[in-house]
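Asker: quick one, what's the 3D model for this:
(2 chains)
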Amino acid sequence: MTGTELLIGTRKGAWVLRDDGRRGDWRLDGPQFLGQIVSHVVQDPRRPEVRMMAAATGHLGPTVFRSFDAGATWTEARQPPAFPKAAEGAAARAVDHTFWLQPGHASEPGVWWAGTSPPGLFVSDDDGETWTGVAGFNAHPMYDKWVPADSGTPDGPLLNQVVIDPRDPRHMYVATSTGGVFESLDRGGSWAPLNKNVEANFYPDPYPEYGQDAHYIALAPTRPDRIWQQNHCGIYRLDRPGDEWVRIGKAMPEEIGDIGFTIVPHPRDADTAWVFPMDGTDVWPRTSPGGRPAVYRTADAGASWRRLDDGFPREQGWFTVKRQAFVADAGEPAGLYLGTTSGEIWASTDEGERWRLLAAHLPEIYSVAAASRE
Amino acid sequence: MIQVLIPSQLHSYSGGRSRVQAAGMTVGAVLDDLDRQFPGLKFRVVDEQSRIRRHMRIFIGREAARDVAEPVREGDELMIAGALSGG
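Answerer: As a prediction, the model looks like this:
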């Protein structure tokens, strides 16, 4: 039966929500890899039966699992992402966990990219069986400036995203928690910061060339020259070939602000995107402002935002939604799905107008990915 | 041969066995032999800089090994353990 699946990564394993083919009724299956810290599970859009999972445990080192039968069985990577052995006296980096898995360009079957903590960019050209470091980033002369050793999130410093231009496999972006956004025009061989006009208010110079915390970036699928960014300090948009970001979050209601972890572009309308604001005041609770969860949608490229909260708790709803835990599917109308750190999955199948709870009582949710079922 | 105690965290590699045998003159060499027998095991215990991972412990007899270069002798028992790692 064709349909939609939600691939859910949690602090304690992986689950799958499967729909009835109409996004009406959903069945929760799992867990797989109970107890493993699953940062990301994604489907390969080039071969929908292929899935990739980034896992570690509290004790064991990080690894990658691969499935070629839509998640029924998994095999471990023979050579997971790992930094090269350090020279005597040099900083000896080790991958703590793989945070982000990115299927390669449509023209490059079998190619996958990975972002890790501490920040590293890795590539596989054999469906994730073996991974090698991308020296253009990991050994860049500016690496220590872009990724200061003492920087990081509570889960460690991150190369939290790899984004590939659908028109050109050589054109890539990465987002980091330590240096902001970087761009490559030569398939990762060289990189340059792309952070002009993006605030980093935790530095003496609040608009540095690099140093920003780029929580999430996304290209508009139907206009890949448009980049949306939910940054640590606000919501931004950049239209290439320009290189100056615009703080579109300034149009959010002042009492809500524009702090959050993620931004979701519409699958077809390049002017539409959704965010899930969180409280960035005072000591930064990073929960729904006022305990009233809501998604906000712009339909005019960020000039204005509309609150969408029908179905969410009216009070005492202290949601936190992490970087990879808010996604859209490609349905008509678009479906939206978000996972909370309190283990709930919420869904809207009318582009955010109405929300309902699909699953509760899961462990802390790290990632949600929408997958198609053939 | 070295007797090696395998913790539950690694039973998915050892086929559920908690006691196996391996060869080697150092902790690292024993882990290399374990990795030949049970592919993927070593990297989950030791990182790419050959450091024992933060929440893993390796004991030679009753003594904690701090480094994979520490020697082991024929007849030694090597215990791999998952230490405390939070909730």
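
Asker: any regions of the chain where pLDDT drops low?
Answerer: Looking at chain A here, since you left the chain open. Where chain A drops to pLDDT under 70, the residues are A:1.

Asker: the chain in question should be chain B.
Answerer: Ranges of chain B meeting pLDDT under 70: B:85-87.

Asker: stretch B:56-76 close to chain A?
Answerer: Yes: counting by CB under 8 Å from any CB of the partner chain, chain A has neighbours in stretch B:56-76: B:Met56. Every C-beta, even on glycine, is put in place using the N, C-alpha and C of the backbone.

Asker: which is the next helix or strand following the one helix or strand B:Arg36 maps to?
Answerer: Assigning secondary structure by DSSP states H and E places B:Arg36 in helix B:27-37. Where DSSP H and E defines the elements, the next helix or strand beyond helix B:27-37 is strand B:56-60.

Asker: for residue 33, give me its contacts.
Answerer: Looking at chain A here, since you left the chain open. Contacts for A:Phe33 (CB atoms under 8 Å, 6 or more residues apart in numbering or on different chains) come out as A:Gly13, A:Ala14, A:Met53, A:Ala55, A:Phe65, A:Trp74.

Asker: chain B is the one I meant
Answerer: B:Asp33 neighbours (CB under 8 Å, 6+ apart): B:Ala22, B:Ala23, B:Gly24.

Asker: ok, A:Leu219 next?
Answerer: A:Val163, A:Asp165, A:Pro166, A:Arg226, A:Ile227, A:Trp228, A:Pro265.

Asker: now it: phi and psi?
Answerer: A:Leu219 adopts backbone torsions of phi -80, psi 140, taken as degrees, to the nearest 10.

Asker: before we move on, what about A:Val123?
Answerer: Main-chain dihedrals, A:Val123, degrees, to the nearest 10: phi -140, psi 150.

Asker: do you know how far it is from A:Arg354?
Answerer: A:Val123 sits 41 Å away from A:Arg354, going by CB to CB, to the nearest Å.

Asker: between these two, point out the one with more neighbours.
Answerer: Neighbour totals were compared for A:Val123 and A:Arg354, and A:Val123 leads with 20 against 14 (other CB atoms under 10 Å in any protein chain shown).

Asker: how far out from the middle of the chain is stretch B:50-62?
Answerer: 7 Å (CA atoms, centre = their mean, to the nearest Å).

Asker: pull the CA atoms of it into PDB?
Answerer: Taking Å, rounded to 0.1, in the frame of the first residue of the first chain, the C-alpha atoms of stretch B:50-62 are listed here in PDB:
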ATOM      1  CA  SER B  50      43.100   4.800  19.700                       C
ATOM      2  CA  ARG B  51      41.700   6.200  22.900                       C
ATOM      3  CA  ILE B  52      39.400   4.000  25.100                       C
ATOM      4  CA  ARG B  53      36.000   5.700  24.800                       C
ATOM      5  CA  ARG B  54      34.900   7.900  27.800                       C
ATOM      6  CA  HIS B  55      32.200   5.500  29.100                       C
ATOM      7  CA  MET B  56      34.000   2.300  28.400                       C
ATOM      8  CA  ARG B  57      36.400   0.500  30.700                       C
ATOM      9  CA  ILE B  58      38.900  -2.200  30.000                       C
ATOM     10  CA  PHE B  59      40.400  -4.200  32.800                       C
ATOM     11  CA  ILE B  60      43.400  -6.600  32.600                       C
ATOM     12  CA  GLY B  61      42.600  -8.900  35.500                       C
ATOM     13  CA  ARG B  62      41.600  -6.400  38.200                       C
END
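
Asker: can you pull the buried residues of that stretch?
Answerer: For stretch B:50-62, the neighbour count (16 or more other CB atoms under 10 Å in any protein chain shown) marks B:Ser50, B:Ile52, B:Arg53, B:His55, B:Met56, B:Arg57, B:Ile58, B:Phe59, B:Ile60 as buried.

Asker: B:Asp47 is in contact with the third one, correct?
Answerer: Yes: in this structure, B:Arg53 is within contact of B:Asp47 by CB atoms under 8 Å, at 5.9 Å.

Asker: can you list residues touching both of those two?
Answerer: Contacts common to B:Arg53 and B:Asp47, judged by CB under 8 Å, 6+ apart, are A:Gly61.

Asker: picking up where we left off before, now, which of the contacts of A:Phe33 lie close to chain B?
Answerer: Okay, of the contacts of A:Phe33, nothing touches chain B (CB under 8 Å from any CB).

Asker: ranking these by neighbours, who comes first?
Answerer: That'd be A:Met53 among those, by other CB under 10 Å, with 28 neighbours.

Asker: what lies in contact with whichever strand or helix holds that residue?
Answerer: Using DSSP H and E, the element containing A:Met53 is strand A:51-56. The contact list for strand A:51-56 (CB under 8 Å, 6+ apart) reads A:7, A:9, A:14, A:33, A:36-44, A:62-67, A:70-71, A:74, A:96-101, A:103, A:112, A:114, A:128, A:371.
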